[in-house]
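K.L.:
A predicted structure for the sequence below; I have some questions about it.
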Amino acid sequence: NKGVLSMNILPQILKISSKNLLVNHFVDEFKKKIDHLFERFIYGKATHPYLSFFLELQNMMNQLVNIFIGKYFQMIDMDFRDSEERRKNFVINKSNVPRTLITIFGTITFNRTLYQHKTTGEYYFYVDDVCGIDAYKNYDPLVRALLIQDSVLTNPNHTSLFSSLSSLNLLDMLKGQLSIPKQTIYKMKQETKIRKIVYDEIKTTNYTLYVMVDEKWIHEQDKTKPNQKKWIMGKCFVLFTGIKRKGKRSQLVGRHIFMTTSNEPWKELMNEIDKIYNFEEINTINLLSDAGSWILSGAHELKLYSNNKLIINTCEFHVKQKINRSTSDKELRQKIADIIYKNEDKNAFIKEMDELIESKEKESRKQKITEYKNYILKHWKGILNMKYSLCKSSMESHIQHCMASAFSSVPKGYSRKNIETYMKLQEMFLNGVSIFEYYLDTYNSDDNYEFNKEKEVNYSLFESSTSNMPILKSSSNVSHGLHSLIY
């Protein structure tokens with residue numbers, strides 16, 4: 001009977017799963033460490049017990065999780081290593097190959113096995129494949145998503161010193177042990193996949209759409225010509241359906257921002273916004289700009305239907321800028337402005353400007369003022385259209401907020417290869433897209449993938465694998481291995 005009993009009990013003992021061993025070890029370690037923490041800070045005499053307790057508690061949990069995850073990965077590797085599936089298809093090429101990952105809990109280092117396929121000869125890390133760990137990337141997807149998001153909110157220089165990662169590892173931050181090279185963050189941004197975004201439709205009010213347009217020149221980084229200044233023209237479009245005023249402040253209603261460095265900005269703009277605004281319902285499209293040649297030459301693209309009436313409005317800022325550059329006499333400046341905006345008298349404007357030109361001695365100065373005069377005359381109708389527009393242009397402040405502060409306010413050059421990616425990330429953020437969610441949803445996507453900012457993030461990317469060999473269920477054949485690994 002004893003023999004029969006032993007034979008029945010032994011399989012039950014061997015069925016103790018590796019998972020349970022790992023979990024039990026984690027719980028035991030947690031109890032030991034939390035007891036030590038209580039003894040040290042609750043019953044001890046710490047100088048700042050509250051601060052010290054929470055800092056040490058966070059640090060303790062990070063350390064425990066790091067150990068747990070490292071051993072979990074090794075457990076998965078051992079399951080596969082001892083499986084029939086592995087013996088049938090793979091040979092062991094090298095054991096205990098180290099891998100380091102920087103995670104939201106800190107740095108994790110673990111060992112895994114390098115396998116080689118018996119037929120194809122290809123090398124294979126089972127753990128990397130089945131857990132979805134990217135090859136040659138030390139920072140895991142969550143950390144990359146946090147750093148890219150923070151770098152869009154501020155910039156890579158600031159993010160390298162302080163990021164959301166800092167709040168998850170406060171003790172390391174306070175010790176000055178948590179900093180990420182800014183070039184690493186730039187590299188992460190460069191590798192971000194830009195995918196089509198499905199935005200919600202924006203309803204128009206009073207069947208009117210406003211389109212503010214301007215450009216900003218960004219210094220180009222060109223290693224082939226280091227001593228020659230080159231520039232990239234960034235184009236910015238701010239679309240809205242109206243203005244909501246609250247006290248002295250105004251807010252654009254139904255706003256959408258589009259940014260690009262493309263040579264076909266209008267075509268790309270219309271490919272995006274015709275799905276956001278219903279142009280069949282829009283009767284009036286007000287274009288607000290400085291009347292630059294590239295803007296006016298493509299403005300007709302806004303008219304998708306016969307009922308779309310396009311009105312060109314020339315920004316008051318640029319008109320007054322031309323007046324101020326023509327003369328330093330404040331009274332004369334005001335007189336010319338009144339002729340334009342109050343009297344709407346083109347002949348009086350021509351007469352006043354001609355007298356101003358004649359009063360100058362230098363030919364170069366005369367030519368410059370003539371240039372300003374011709375600009376105003378050329379866009380006279382657009383200037384008066386702006387006067388009667390219900391919504392005035394705030395493009396200068398928007399170009400500063402949307403583009404200049406991120407790309408041209410710091411003395412840095414950008415390559416043409418990367419600037420479009422940086423700009424699209426900035427555009428997403430300004431349009432209310434969570435960069436964190438966008439990155440997690442798209443970093444493993446193909447070119448045809450569309451991101452919907454309203455849907456939940458698909459976290460299954462952390463669970464799925466391209467491998468056709470599933471993780472084997474916890475089995476008794478590795479229990480002896482787990483004992484030696486954990487204890």
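P.N.:
Looks like it arrived, so ask away.
K.L.:
quick one, phi/psi of Val433?
P.N.:
Main-chain torsions, Val433, degrees, to the nearest 10: phi -80, psi 130.
K.L.:
ugh, wrong one, I meant Ile232
P.N.:
phi -110, psi 130.
K.L.:
surely it and Glu215 touch.
P.N.:
No: if you go by CB atoms under 8 Å, Ile232 and Glu215 don't touch, sitting 10.2 Å apart. All C-beta spots, glycine's among them, are computed from the backbone N, C-alpha and C.
K.L.:
among these two, which residue is more densely surrounded?
P.N.:
Using other CB atoms under 10 Å as the criterion, Ile232 and Glu215 rank with Ile232 on top: 21 against 18.
K.L.:
and after the helix or strand encompassing Arg333, which helix or strand comes next?
P.N.:
For Arg333, the host element (DSSP states H and E) is helix 330-338. Next along the chain after helix 330-338, taking DSSP H and E as the criterion, comes helix 346-358.
K.L.:
and the angle for that next one with helix 330-338?
P.N.:
Calculated by axes from the mean of the first three to the mean of the last three CA atoms, to 10 degrees, helix 346-358 forms an angle of 150 degrees with helix 330-338.
K.L.:
off-centre distance for helix 346-358?
P.N.:
51 Å (CA atoms, centre = their mean, to the nearest Å).
K.L.:
how about residues contacting the next helix or strand after it?
P.N.:
Downstream of helix 346-358, the next assigned helix or strand under DSSP H and E is helix 363-378. Helix 363-378 is contacted by residues 291, 319, 322-323, 325-326, 340, 346, 349-350, 353-354, 356-357, 360, 383 when judged by CB atoms under 8 Å, 6 or more residues apart in numbering.
K.L.:
6 Å instead, please
P.N.:
With contact meaning CB atoms under 6 Å, 6 or more residues apart in numbering, helix 363-378 is reached by Lys322, Ser326, Met353, Ile357, Lys360.
K.L.:
which pLDDT value belongs to the residue lying closest to Ile435 once chain neighbours are set aside?
P.N.:
Spatial nearest neighbour of Ile435, excluding adjacent residues (CB to CB, 6 or more residues apart in numbering): Gln149 at 4.0 Å. Gln149 is assigned 92 on the pLDDT scale.
K.L.:
residues contacting Gly247?
P.N.:
For Gly247, no contacting residues are found, by CB under 6 Å, 6+ apart.
K.L.:
same check on Glu56?
P.N.:
Applying CB under 6 Å, 6+ apart, no residues contact Glu56.
K.L.:
next, the buried residues of the helix or strand harbouring it.
P.N.:
Assigned by DSSP H and E, Glu56 belongs to helix 49-81. Buried residues in helix 49-81, defined by neighbour count with 16 or more other CB atoms under 10 Å: 52-53, 56, 58, 60, 62, 64-81.
K.L.:
swap in stretch 299-315?
P.N.:
So stretch 299-315, judged by 16+ other CB under 10 Å, has buried residues Ala299, Leu302, Ile311, Ile312, Asn313, Thr314, Cys315.
K.L.:
and which of these is nearest to Tyr126?
P.N.:
Using CB to CB, Leu302 is the member of the buried residues of stretch 299-315 that lies nearest Tyr126, at 55.1 Å.
K.L.:
tell me the contacts of that closest one?
P.N.:
Per CB under 6 Å, 6+ apart, neighbours of Leu302: Ile285, Leu310.
K.L.:
correct me, but Gln116 touches Asn89?
P.N.:
No: with contact defined as CB atoms under 6 Å, Gln116 does not reach Asn89; the gap is 10.0 Å.
K.L.:
count of neighbours near the closest residue to Lys322 other than its chain neighbours?
P.N.:
Excluding the flanking residues, the one nearest Lys322 by CB to CB, 6+ apart is Tyr372, at 4.0 Å. For Tyr372, the tally of surrounding residues (other CB under 10 Å) stands at 20.
K.L.:
pLDDT at Tyr372, what is it?
P.N.:
96.
K.L.:
swap in Val457?
P.N.:
The model's pLDDT for Val457 equals 53.
K.L.:
hmm, back to that, now do the helix holding Arg333 against helix 363-378, angle only.
P.N.:
Counting by the same axes, to 10 degrees, helix 330-338 lies at 30 degrees to helix 363-378.
K.L.:
can you mark which positions in helix 330-338 are buried?
P.N.:
Ile336, Ala337.
K.L.:
one more: stretch 192-201?
P.N.:
Thr192, Ile194, Arg195, Ile197, Tyr199.
K.L.:
ditto for stretch 380-390
P.N.:
For stretch 380-390, the neighbour count (16+ other CB under 10 Å) marks Trp380, Gly382, Ile383, Leu384, Asn385, Met386 as buried.
K.L.:
for those, give me JSON lines that also has pLDDT, secondary structure and distance to Glu281.
P.N.:
Converted to JSON lines, the buried residues of stretch 380-390 look like this (pLDDT from 0 to 100; DSSP: H, G, I helix; E, B strand; the rest coil; distance: CB to CB, whole Å):
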{"residue": "Trp380", "pLDDT": "97", "secondary structure": "helix", "distance to Glu281": "31"}
{"residue": "Gly382", "pLDDT": "95", "secondary structure": "helix", "distance to Glu281": "25"}
{"residue": "Ile383", "pLDDT": "95", "secondary structure": "helix", "distance to Glu281": "29"}
{"residue": "Leu384", "pLDDT": "96", "secondary structure": "helix", "distance to Glu281": "27"}
{"residue": "Asn385", "pLDDT": "95", "secondary structure": "helix", "distance to Glu281": "22"}
{"residue": "Met386", "pLDDT": "93", "secondary structure": "helix", "distance to Glu281": "24"}
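K.L.:
which of these lies closest to Phe38?
P.N.:
Using CB to CB, the buried residues of stretch 380-390 come closest to Phe38 at Met386, 69.5 Å.
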